[in-house]
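>>> need a 3D model of the following:
(3 chains)
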Amino acid sequence: MSESTQVSDRTTTREQAPVRPGATKWRWAAAAALLAAAVYAPFQLVPFHVFQLTMVLIYAVALLGLNLLVGHAGQISLGHGAFFAVGAYTAAILLDRWDAPYPLTLPVAALVAFVLGLAFGVPAMRLRGLYLALVTLAIAIFLVPLLKRFEEVTGGSMGLSLAKPAPPAWTGLAEDQWLYFLALAVTVAAFLLAASLLRSRVGRALHAIRDNEAAAEVMGVRPAYYKTLAFAWSAMFAGIAGCVYTWVIGFVSPDSFVVNLSITLLAGLVVGGLGSLSGPVLGALFVMFVPSISQDINEAAPGVIFGLLIIAVMYVAPTGLAGLAGRATNSIKKTLRKG
Amino acid sequence: MAGFLQQVIVGLGTGAIYASLALALVLIYRFTGIVNFAQGELAMFSAYVAWQFTAVGVPFWLALVLALVVSFAGGMLIERVIIRPVEGAPELTVVIVTVGLFIFVNAAAGWIWTFLIKDFPNPFPGGALEMGGLSVGFGTLGVFAVVGIVMGLLYLLFQHTKIGLGMRAVSTNPESARLVGIRVGWTLALGWGLAATVGAVSGVLVAPLLFLEPNMMGGVLIYAFAAATLGGFDSPVGAVVGGLVVGVAETLAGAYVTAIGPDLKVGVPLAIILGVLLLRPQGLFGRAVVERA
Amino acid sequence: MSELAVHDLHAGYGGAQVLHGVSLTVAEGEICAILGPNGAGKTTLLRALSGMVKGRGSVKLDGAELLGRPPDALARLGVAHVPEGRGTFMPLTVEENLRLGAYVRRSGVEDDLERIYTYFPALKPRLKQAAGSLSGGEQQMLALGRALMLRPRLLLLDEPSLGLAPLITRELFHIVRTINEQERTTVVVVEQNAHLALGVAQQAHVLETGRIVLSGTAADIRADEQVAQSYLGYRV
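Residues are numbered from 1 along each chain as shown, chains lettered A, B, ... in the order given. As a prediction, this is how the structure comes out:
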C-alpha cells in the first residue's frame, strides 16, 4: 500500500511549485528568445525544413489541447486525431464547397470541434476516465470509414485537394514562409489562450479535480462539468490545429487521420511532458522528428522508440522532457548559487 | 428468415472471437483493475509466434500449444517488469503505460516480421455443416469449440482449483489475501499470463480470417472493448455474452441497415459503448462501480 | 504454542512514525490484551507484527525474527491476523473463505473445517452462501475461523468487538478463550472494550501515542485507577 501512495504522488504533483518572481522573469525571457528564433528561422532554412517546422507548430497546438485534457484535467483521450480531422475537414469542405475565405475557416473549425467535444464529453465524463479513453478510441476508429462514406462532401477515399493560402504581395514572402507565419500566429494565440484559461478559475478547478476529485467535489467543484468543458476545449484546440493543417498541406484524405495519429499525439504529449506549457512544444518536435529520423533504421523504429519512451517516462519522469528540463535547470541554478 | 438466421450464425462466429479477447481484458481488469489497451497487440504478437513455429515446420496444433506457453510466460514477464512499477498508480498513469506497450508491441512485431501480410494456416477444414437450409461453416464451429473449451478450462481453474481460489481471493481483497499467505505479486503475474494466453487464442482464431499483420487486432480490440463494456468489465460471463451480442449486432447492422452497411459496421461498438455508459454503466452482468475516492 | 518477544519496535506510515519503541513479551499460550485510546498505535502494532507495515527493532516468534518479511511469508510461519474490518472475501462463499485460511497448508484441511464448525455451528448451514451476506457477528466468526484454519502459532485480533452487539461480543471472546485453552495458541488482541479483553487476557499493556505506558497482569491493570477511569468507565 505504501507503494501506491508513493506512485500517485509522482503523477499528481507537477509544476505546483510556487513561482518565484525571478523564475517568471526567466520564463518570459526564454519565451521571447524562442519567439525571436521562431521568427528568424524561416529566413535561414530551406523550404522543406520550414515545412517541417510548420508541422511542428501544428502538432504543438494539437498537443496543447490534449495537454489541457490529460495533463491538467487528468483525463485521457485516445482519439484526439479525430478532432484534428474534424477541424481539417471542416476547413477543407468550407474551402472546397463554398470557396470560403480561409481566415473564416479557423473559427468555424474551432467551433465545430468544440461542439462535438461537448457532445461526446457529456456521456463519457460522467464516468471514470477509463471510459473516455474507450469512447475516444472508438470515435477515432469510426471516423475514417465515416469520412469515406460521405463521398460527395468529403471526397471519399480520394480526399479533397485545395489551393493553399497565397502570400499577399506586400509581405514579399514565399509560400512556405507565409504558411509558416500563419501557423506561428495561430500557435502563439493558442498558447496565450491556453495560458489564460489555466490561470482562470476554471484552470484551478481542473487542477483540483485532477489532484483529488473527491476533495474537489466537497469544495463545490462539479467534476463532470469541468471535465466536459476541458474535453470540449481540448477538442477545439485539436480542431484549430487540423484547420491549419489543411491550409498548409492543401489536401485532406481519411487515411491521414487513422487511429495511429491519435496514439502518436498522446505519445508525443507524454514524452514532451504532461501538465506544462513547454511540454506540447517538445512533444511536437518529437512527433515530427523522431519518425523522420529513425525511419531510416527500420519502418518500425519510431514505434519501438515511442513505446519504450512512454513507459520509461511514466516510470522515471511523469512530467516528461519538460519536467526533466525544469529539474535540470533547477539543479543547475542550485549548484550555481552554492558555487 | 433463413437468411436472417444465417446472418445470426455468422455474427455468433465473429462474436465468439470478440468474446475471447474480451475475456482476456476482463481477466486482467478483475485482477488488477487495469484495462489493458495492449491486449489486442499481445494477441497479435502471439499469433505471430504461432506463425513462426509453423513456418519452421512445427505442426499447427503443436505450434499453437507452444505459442500459448510463450504467451503465458510473456504475460507474466510483462506484469513483473512493466506493470509492477505502476501498480496502484493513478488510472491515467496505468492507461498510458498500456498504451505505450500497445505502440511498442505493434512496432516490435513490424520490426521482427515486417508489415507485409502473411498467410496464416487455417486449422479448421473448409466447407460447412448444412442443416435445415442453414449452413454453419466448419471454421465457425471450430471457433465455437475453441472458445467453449477455453471458457470451460477457466471455469475449472477458478472454481475447482486451489490456485484459482487464490486468484479470486486476490481479485476481491488483495490485502487479506496476503494475510492468509498468498503471494499476491505472483498471483497478479499469473493473472496476466493467463490473460495473455486467452488473448493468444483469439489472435490465432482471428489470424486466418483477416491475414496476419501487425495492425490485425486494432479493429478487433474495439469490438472486444464494446463486449466487455456491455457485459460488465468485471464479469467473465458478461464478456462472453457481450462478445456474442456485439458480433450479432454488428453483422445484422451491416447486412440489414443500409445506412450502416458493411463499411460503417465499426460504428456499432461505438454506439454500444456510448449506449451502455448512458443506460447501465456497470454493464449487463457487472457489479455497480463504486468510485474510489 | 509459541513465545512472542517484541523489542524496541518502531513503525509508521511513510514519514509519520506511529510506534516509538514498543517492547513486550507474550508467553506461550497466553492471551495478551493491548488497550489504549484511538490513534495510540494499537492497529499499527498488529500490522507491524504481521508484516503489513515495515518496522525497525525486533519481533521474534520462538526466536525467529519476523520483521522484514512480507505478510504472506509470515502467514507461512504461522502468524494469523484478523485485520481491522475483518478482511472477509465478500463475494466468495463461507467455505471458500475458510479454505483460504488454510491456503498455506497441505494436509488436514477437511478435519480442520469440521473443527471450525464445532466452534462456530452457526456457520455450517451457510457454507455455500456468499460471505458478504452474513451478519456482522457471523462475519467476525468467519474471520476468526479463517484465522484458525491456518493453525496459527500466533493469532492477532484487531478489535473483534467492533460494531457487534454486546451479547455476540461476549460469546466471541468466550470462544477466543476456549480456543486459546484448547489449542494453546498465543493471542494478541487489540480492543477498545477493555472489560471484555481483560476478562480473557492473562496480561495487558496500555498503549498511548505509540508507547507502552503501563504493563501488567490483567488483574493488575484492572485494578489500576488510571485505567479504570480512562478505559473501564468506573472508579476502583
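>>> only C-alpha atoms for contact and neighbour calcs from this point on.
OK.
>>> could you count how many residues lie near A:R201?
10 (other CA atoms under 10 Å in any protein chain shown).
>>> what about the strands in the chain?
The chain I'm using is chain A. A:160-161, A:251-252 (DSSP state E).
>>> um, chain C though
C:4-13, C:16-26, C:31-35, C:55-61, C:64-65, C:79-82, C:154-158, C:186-190, C:203-208, C:211-217.
>>> dump these to JSON lines, plus mean neighbour count.
Shown next, in JSON lines, are the strands of chain C (neighbours: other CA atoms under 10 Å in any protein chain shown):
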{"stretch": "strand C:4-13", "mean neighbour count": "20"}
{"stretch": "strand C:16-26", "mean neighbour count": "17"}
{"stretch": "strand C:31-35", "mean neighbour count": "28"}
{"stretch": "strand C:55-61", "mean neighbour count": "20"}
{"stretch": "strand C:64-65", "mean neighbour count": "12"}
{"stretch": "strand C:79-82", "mean neighbour count": "29"}
{"stretch": "strand C:154-158", "mean neighbour count": "26"}
{"stretch": "strand C:186-190", "mean neighbour count": "26"}
{"stretch": "strand C:203-208", "mean neighbour count": "22"}
{"stretch": "strand C:211-217", "mean neighbour count": "17"}
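>>> ok, back up a step: closest one to A:V122 among the strands of chain A?
strand A:251-252 (28.8 Å; CA to CA).
>>> so what strands line up beside the closest one?
strand A:160-161 (antiparallel) (DSSP bridges).
>>> what's the strand it pairs with in contact with?
Outside strand A:160-161, the residues that touch it by CA atoms under 8 Å, 6 or more residues apart in numbering or on different chains are A:92, A:96, A:154, A:250-253.
>>> repeat that for 7 Å
A:154, A:250-253 (CA atoms under 7 Å, 6 or more residues apart in numbering or on different chains).
>>> can you list the strands of chain C in CSV and add distance to A:A88 and mean pLDDT?
Formatted as CSV, these follow (distance: least, CA to CA, whole Å; pLDDT from 0 to 100):
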stretch, distance to A:A88, mean pLDDT
strand C:4-13, 52, 90
strand C:16-26, 54, 90
strand C:31-35, 70, 92
strand C:55-61, 59, 91
strand C:64-65, 67, 90
strand C:79-82, 61, 93
strand C:154-158, 63, 93
strand C:186-190, 66, 93
strand C:203-208, 67, 90
strand C:211-217, 68, 89
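>>> worst mean pLDDT among the strands of chain A?
Ranked by mean pLDDT, the strands of chain A bottom out at strand A:160-161, with a mean of 78.
>>> quick one: that one to chain centroid distance?
Relative to its parent chain, strand A:160-161 has a centroid offset of 24 Å by CA atoms, centre = their mean, to the nearest Å.
>>> what's the neighbour count on A:V248?
That count, for A:V248 with other CA under 10 Å as the rule, works out to 24.
>>> not counting its neighbours along the chain, what's nearest B:V86?
B:V94 (6.3 Å; CA to CA, 6 or more residues apart in numbering or on different chains).
>>> give me the local confidence score for that neighbour.
For B:V94, pLDDT reads 84.
>>> what packs against the helix or strand it falls within?
B:V94 is located in helix B:91-113, with elements delineated by DSSP states H and E. If you count contacts as 3 or more CA pairs under 7 Å, 6 or more residues apart in numbering or on different chains; DSSP states H and E, helix B:91-113 packs onto helix A:301-316, helix B:39-55.
>>> show me the contact partners of that helix.
So helix B:91-113 is contacted by A:74-76, A:298, A:300-301, A:303-304, A:307-308, A:310-311, A:314, B:36-38, B:41-42, B:45, B:86, B:214 (CA under 7 Å, 6+ apart).
>>> now residue 58: closest residue in space that isn't a chain neighbour?
All of this is about chain A. Going by CA to CA, 6+ apart, A:I58 has A:A241 as its nearest residue, at 5.1 Å.
>>> meant chain C actually
Per CA to CA, 6+ apart, closest to C:S58 is C:H7, 5.0 Å.
>>> what's the spacing between the one you found and chain B?
C:H7 sits 23 Å away from chain B when distances are taken as CA to the nearest CA, to the nearest Å.
>>> what do you get for A:K164?
32 Å.
>>> in stretch A:223-234, what counts as buried?
A:223-224, A:226-234 (16 or more other CA atoms under 10 Å in any protein chain shown).
>>> in the helix holding B:V94, which residues are buried?
B:91-111, B:113.
>>> next, the angle from it to helix A:301-316.
Angle, helix B:91-113 to helix A:301-316, by axes from the mean of the first three to the mean of the last three CA atoms, to 10 degrees: 150 degrees.
>>> alpha carbons of helix B:91-113, as CSV, please.
In CSV, the C-alpha atoms belonging to helix B:91-113 read as follows (Å, rounded to 0.1, in the frame of the first residue of the first chain):
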residue,chain,number,x,y,z
GLU,B,91,-5.5,5.1,-13.7
LEU,B,92,-4.2,7.7,-16.1
THR,B,93,-0.6,6.5,-15.5
VAL,B,94,-1.5,2.9,-15.9
VAL,B,95,-3.6,3.5,-19.1
ILE,B,96,-0.7,5.5,-20.6
VAL,B,97,1.7,2.7,-19.8
THR,B,98,-0.5,0.1,-21.5
VAL,B,99,-0.8,2.5,-24.5
GLY,B,100,3.0,2.6,-24.6
LEU,B,101,3.0,-1.2,-24.5
PHE,B,102,0.5,-1.1,-27.4
ILE,B,103,2.8,1.0,-29.5
PHE,B,104,5.8,-0.9,-28.6
VAL,B,105,4.4,-4.4,-29.2
ASN,B,106,2.9,-3.3,-32.5
ALA,B,107,6.1,-1.8,-33.7
ALA,B,108,8.2,-4.7,-32.4
ALA,B,109,6.1,-7.2,-34.4
GLY,B,110,6.6,-5.0,-37.5
TRP,B,111,10.3,-4.9,-36.9
ILE,B,112,10.6,-8.6,-36.5
TRP,B,113,8.2,-9.8,-39.1
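>>> from the chain's centroid, how far away is the helix or strand just after it?
Downstream of helix B:91-113, the next assigned helix or strand under DSSP H and E is strand B:128-131. Put simply, strand B:128-131 sits 28 Å off its chain's centre (CA atoms, centre = their mean).
>>> can you check stretch B:34-52 too?
Worked out by CA atoms, centre = their mean, stretch B:34-52 lies 9 Å from the chain centre.
>>> in chain B, where's the longest helix?
In chain B, ranked by residue count with DSSP state H as the criterion, the top helix is helix B:2-32.
>>> same check on chain A?
helix A:223-249.
>>> and that one, how far out from the chain middle?
The answer for helix A:223-249 is 8 Å, by CA atoms, centre = their mean.
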